[in-house]
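Q: following is a predicted model, sequence given first.
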Amino acid sequence: MRSSTRSPRRSGVVLAVVGALLLAPVSGRAEASPDAETQARARFAEGNLAYDVGDFDKALKSFSEAYRLKPLPGFLFNMAQCHRQLGQYPRAAFFYRRYLALMPDSAQAQVVRELVQEMEARAREQEARRLERERAEQDKQVQRARAEAAKAEAEAAARRRAELEAEQRALEARAAQALTQPAPQALAGNSVSAPWTRKWWVWAGVGAAAALVTTGVIVATSGPDARPTSLGTLGPAR
């Protein structure tokens with residue numbers, strides 16, 4: 001993300017003194033060789049040109065290389081400016097503070113302090129927006145997961161219903177088939193004859209015969225006396 005300059009006057013004033021700052025080495029630092037200083041000035045010129053045309057990534061790279069060649073506070077400020085334009089507010093605040101640590105009494109120190117406060121505020125806002133986006137994305141993921149779970153549950157329920165319906169149809173088909181066939185016991189009763197001793201007419205006949213025999217015996221024993229056998233037979237003249 002690239003940000004526009006909030007205070008053109010503030011930025012212009014500070015950038016105007018960067019060239020002068022480059023010529024003022026920080027006490028305690030080793031002097032760069034003439035060749036290194038020449039290269040640092042070349043990187044500084046490249047960085048300024050890139051910054052002017054809005055290529056802040058290239059400008060940042062050029063200023064960083066210049067600082068390695070000749071570690072002057074002005075390069076740190078320029079690096080902070082590039083980070084600010086790129087929307088990298090925590091990094092911008094870092095390099096502004098590094099500049100203040102090296103140049104606490106400079107004429108532009110108060111302006112840089114204000115820039116530090118601005119970058120810190122923007123960094124907090126940026127972090128809040130990032131967290132809000134993360135929460136929104138998490139909410140979307142939860143909603144997607146719930147929708148997928150509900151879909152899977154509905155599909156499983158549909159499969160269970162289909163299985164139950166298939167089982168019910170199979171049971172009904174077997175029941176209908178059983179109704180169209182004779183019972184096994186009825187078939188056995190029609191094809192096997194009962195023993196002769198269990199037939200009603202056999203015992204009825206036996207009872208009748210027994211009754212006749214009994215009657216005959218009674219008649220024979222209770223009738224008139226038999227004619228003596230000594231009388232012989234009757235002839236035609238008798």
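A: Arrived safely. On a predicted model such as this, the values are computed, not experimentally measured, just so you know.

Q: burial check on Arg91, number of neighbours?
A: The tally of other residues near Arg91 (other C-beta atoms under 10 Å) stands at 18. From N, CA and C alone the C-beta is placed, and that goes for glycine too.

Q: run through this protein and note the low-pLDDT ranges.
A: Residue ranges of the chain with pLDDT under 70: 1-32, 183-238.

Q: all helices for it, in order.
A: 8-16, 18-22, 34-52, 56-69, 73-85, 89-102, 109-179, 184-191, 200-222 (DSSP state H).

Q: give me the helices and strands touching the longest one, please.
A: Where contact means 3 or more C-beta pairs under 8 Å, 6 or more residues apart in numbering; DSSP states H and E, helix 109-179 is packed against helix 8-16, helix 73-85, helix 89-102.

Q: tell me the most buried of the ones you listed?
A: Ranked by mean neighbour count under mean count of other C-beta atoms under 10 Å, the helices and strands packed on helix 109-179 are led by helix 73-85, which reaches a mean of 25.

Q: picking that back up, for the helices of the chain, which one ends up most surrounded?
A: helix 73-85 (a mean of 25).

Q: export only the CA atoms of that one, formatted as PDB.
A: Coordinates of the C-alpha atoms in helix 73-85 are reproduced here as PDB (Å, rounded to 0.1, in the frame of the first residue of the first chain):
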ATOM      1  CA  PRO A  73      21.800  10.000   9.000                       C
ATOM      2  CA  GLY A  74      20.200  11.500   5.800                       C
ATOM      3  CA  PHE A  75      20.000   8.000   4.200                       C
ATOM      4  CA  LEU A  76      18.100   6.700   7.200                       C
ATOM      5  CA  PHE A  77      15.600   9.500   6.900                       C
ATOM      6  CA  ASN A  78      15.200   8.800   3.200                       C
ATOM      7  CA  MET A  79      14.700   5.100   3.900                       C
ATOM      8  CA  ALA A  80      11.900   6.100   6.400                       C
ATOM      9  CA  GLN A  81      10.300   8.200   3.700                       C
ATOM     10  CA  CYS A  82      10.200   5.300   1.300                       C
ATOM     11  CA  HIS A  83       8.700   3.000   3.800                       C
ATOM     12  CA  ARG A  84       6.000   5.600   4.600                       C
ATOM     13  CA  GLN A  85       5.100   5.900   1.000                       C
END
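
Q: the inter-axis angle of that helix versus helix 109-179?
A: Angular relation of helix 73-85 and helix 109-179 on a 0 to 180 degree scale: 30 degrees, by axes from the mean of the first three to the mean of the last three C-alpha atoms, to 10 degrees.

Q: I'd like the helices and strands packed on helix 109-179 as CSV, with distance to Glu172 appended.
A: Shown next, in CSV, are the helices and strands packed on helix 109-179 (distance: least, C-beta to C-beta, whole Å):
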stretch, distance to Glu172
helix 8-16, 87
helix 73-85, 78
helix 89-102, 74
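
Q: pretty sure Arg97 sits against Leu115.
A: No. Between Arg97 and Leu115 no contact is recorded; they are 9.8 Å apart, counting by C-beta atoms under 8 Å.

Q: ok, His83 touching Phe95?
A: Yes. Counting by C-beta under 8 Å, His83 touches Phe95, with 6.3 Å between them.

Q: which non-adjacent residue is nearest Leu60?
A: Cys82 (3.8 Å; C-beta to C-beta, 6 or more residues apart in numbering).

Q: circling back: among the helices and strands packed on helix 109-179, which is nearest Ala136?
A: The minimum distance between Ala136 and these falls on helix 89-102, with 21.6 Å, by C-beta to C-beta.

Q: quick one: residues contacting the residue nearest to Leu60.
A: Contacts for Cys82 (C-beta atoms under 8 Å, 6 or more residues apart in numbering) come out as Tyr51, Phe56, Asp57, Ala59, Leu60, Phe63.
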